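**Student:** build me a model:
(2 chains)
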Amino acid sequence: MTAVAEKQVDNGVNVAALLGAREALTAAPEAAKFNWRASCSWVNGTHSRTSVKGFFGLGQEQSHRSEFTFDVDHPEIFASEDHGATPVELVLTGLAGCLTAGVAAIAQLRNIQLKSVKATLEGSMDIQGILGVDSDVRNGFDGIKVKFDIDADASREEIEALVAQSQKRSAVFDIVTNPTNVTVAVN
Amino acid sequence: MRTAVVVIGAGHAGLAMSRCLTGRSIDHVVLERGEVANSWRTERWDSLRLLTPNWQSRLPGYRYDGNDPDGYRTMPETVEYIARYAEAIGAPVRTRTTVTSVRRTDGGYVVVTDQGEWRCRAVVIASGACNVASVPALAAAVPASIATSTPLGYRNPDQLADGGVLVVGAAATGVQLADEIHRSGRPVTLAVGEHVRVPRLYRGRDIQWWMDAAGVLDLRYDEADDLARARNLPSLQLAGYPDRRTVDLNALTSIGVKLVGRLAGVRDGKAQFSGSLRNQAALADLKMNRLLAAIDEWAARTGLDGAVAPPERFAPTAIEASPPLSLDLARGEIRTIVWATGFRPDYSWLDVPVLDRKGRIRHDGGVVDSPGMYLMGAQFMRRRKSALIDGAGDDARELAAHLASYLDGRRIEARAQRETLGGQNLRPAAAAL
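**Tutor:** Numbers count the residues shown, from 1 in each chain, chains lettered A, B, ... in the order given. Okay, the predicted model is just below:
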């Protein structure tokens, strides 16, 4: 054994389990089909509350350990009561959480010890779109900037490779960079 | 008709296998639907040259002996090279013989052709890895006003309507077609997903020379970290231009080609491009720099540093601040779409249950999951160079040995003949791609 192989790296990610899952799901791709769910109730004004608990995966119903709820609202300058984050901030939250989880998992896989990881996100938007002022302006972000500050036992190039690979494997990065069919129905 | 072995396909791979079988006095025929080197004759665009230099086309008992070892063969030269090989080795080729079915029988296979049936104990599939141009499902949503083409049908830019062209895919085919179509006066937009960037020349030598010398091309399939990924890697962004120029994204941008992200969808007549272009470029730059660093390390270790030019690094891929995310195909700006989105083999004639759920042959280093059946010429089949002309020899030698043992009724493990020559030294360079 070399000194390198004995290096104990622990980012709190169970890589063996992830690799095992990848192997198992390659053999049984049906089990890889997941359904993620959220349910949302209007509270008042622009305030709503969304909860997540159950989801489907590995061929059966699954559940979070407990129900998580998210209050969604808009700030007072939008004439709202500001009971929670805006929906677009939650999109940034999702992207940040996804990329950061990816950085940790890939670092573990590549035997890189992380000391700290901080992501700062910025989504720019021209609200003429959502207000219907100018139909040439899109509703959504016109761009998202993510900045990572990472302290780890690795070279700058290795850290850049971690961040690049994390984007490549990220669900939310894919969701925000590629079109998705959205079907909305009324019961 | 009876023989011990039927080899399907008289390209370089089938012929290399034929030479090895002859060397072992194993009775066989090579069935060829057209003429020797058929797909090189009929399925390539006019300007295409091999992506490997002339010296790098060593086949069992045959090598380049011309006076331009560093040049790149045109298609007629490639056809001539392979046809001469068939003659030189006296390969028992039956041309104009199309295989319509292969099925198992007791103790062997029946190979049905339009020129009669062959019964044999073993079959070698060397029918090529690029029989069909893969076109993504979203092509169905492209408006009828747009003409479309694939690399198998494309010959030269003059076939295309005047006006803009969207080339989809930036592997070797996509970058070459983008380059020549744009230079023909048809403005090209290039949709770029995952790609592999390399310089044509590095430190004064061909990148293929480095990869050959440093052992990168010899990395074995059972030593690759992620074989599935290695087998699906897009081809290197290379062209065999006589001026040996690099044809990476920066080179294309410099002549005016417009880069956009991977084509992710077509909705309401609008092409939608992924916002991942910057990351795809970053990944390719990082990967290239890892390869170059591994080459530098190998050069230093083997004492080459004085003999070649000093290490160099290339400018990062330049991506504009906000690449467009959509393009209205109805606006008339784009007249043609060229799908440079890869190729796949055609196994529609194969009536032996050896295909996986994605239609790929199940095999262990070319030993197919059906006794007495072998594969040749597939991407990273036994080693990284398996799909190159230069890679057919080592694979054919090993698989012919396996096949001979099979005919003798001996069991043999596919991986038993592992080469150890230099293996340990080459590992860092070999793993870099």
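
**Student:** tell me where the longest helix sits in the chain.
**Tutor:** The chain I'm using is chain A. In chain A, taking DSSP state H as the definition, the longest helix is helix A:87-109.

**Student:** that answer is for a different chain, and I need it for chain B
**Tutor:** Ranked by residue count under DSSP H, the longest helix found in chain B is helix B:277-301.

**Student:** state the mean pLDDT of that helix.
**Tutor:** Mean pLDDT, helix B:277-301: 96.

**Student:** try stretch A:139-147
**Tutor:** The model assigns stretch A:139-147 a mean pLDDT of 96.

**Student:** now what about that stretch, what contacts it?
**Tutor:** For stretch A:139-147, the external contacting residues (C-beta atoms under 8 Å, 6 or more residues apart in numbering or on different chains) are A:88, A:91-92, A:95-96, A:99, A:119-126, A:129-130, A:176, B:322. C-betas here are computed from N, CA, C, even on glycine.

**Student:** give me the sheet partners of the next helix or strand after the longest helix of chain B and which way each runs.
**Tutor:** Helices and strands here follow DSSP states H and E; after helix B:277-301, the next one along the chain is strand B:326-328. Counting by DSSP bridges, the strands paired with strand B:326-328 are strand B:270-273 (antiparallel).

**Student:** residues in contact with the partner strand?
**Tutor:** Strand B:270-273 is contacted from outside by A:178-179, B:166, B:191, B:260-266, B:323-329, B:334, using C-beta under 8 Å, 6+ apart.

**Student:** switch to 7 Å and redo it
**Tutor:** A:179, B:166, B:191, B:260-266, B:324-329 (C-beta atoms under 7 Å, 6 or more residues apart in numbering or on different chains).

**Student:** buried ones in the helix or strand immediately after the longest helix of chain A in the chain?
**Tutor:** The element immediately downstream of helix A:87-109 (helix or strand, assigned by DSSP H and E) is strand A:114-124. For strand A:114-124, burial by neighbour count (16 or more other C-beta atoms under 10 Å in any protein chain shown) applies to A:L114, A:V117, A:A119, A:L121, A:G123.

**Student:** ranges for the strands of chain A?
**Tutor:** A:39-44, A:47-57, A:60-72, A:114-124, A:143-152 (DSSP state E).

**Student:** switch these over to CSV; also include distance to B:R73.
**Tutor:** Below are the strands of chain A laid out as CSV (distance: least, C-beta to C-beta, whole Å):
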stretch, distance to B:R73
strand A:39-44, 63
strand A:47-57, 52
strand A:60-72, 57
strand A:114-124, 50
strand A:143-152, 46
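
**Student:** which secondary element of chain B has the worst mean pLDDT?
**Tutor:** Across the helices and strands of chain B, mean confidence by mean pLDDT, DSSP states H and E is lowest for helix B:423-430: a mean of 45.

**Student:** OK, contacts around B:G107?
**Tutor:** Counting by C-beta under 7 Å, 6+ apart, B:G107 touches B:R121.

**Student:** show the buried residues in the contacts of strand B:270-273.
**Tutor:** With neighbours counted by 16+ other C-beta under 10 Å, the contacts of strand B:270-273 contain buried members at A:179, B:166, B:191, B:260-266, B:325-327, B:329.

**Student:** ok, these vs B:M211, which is closest?
**Tutor:** B:R262 (26.4 Å; C-beta to C-beta).
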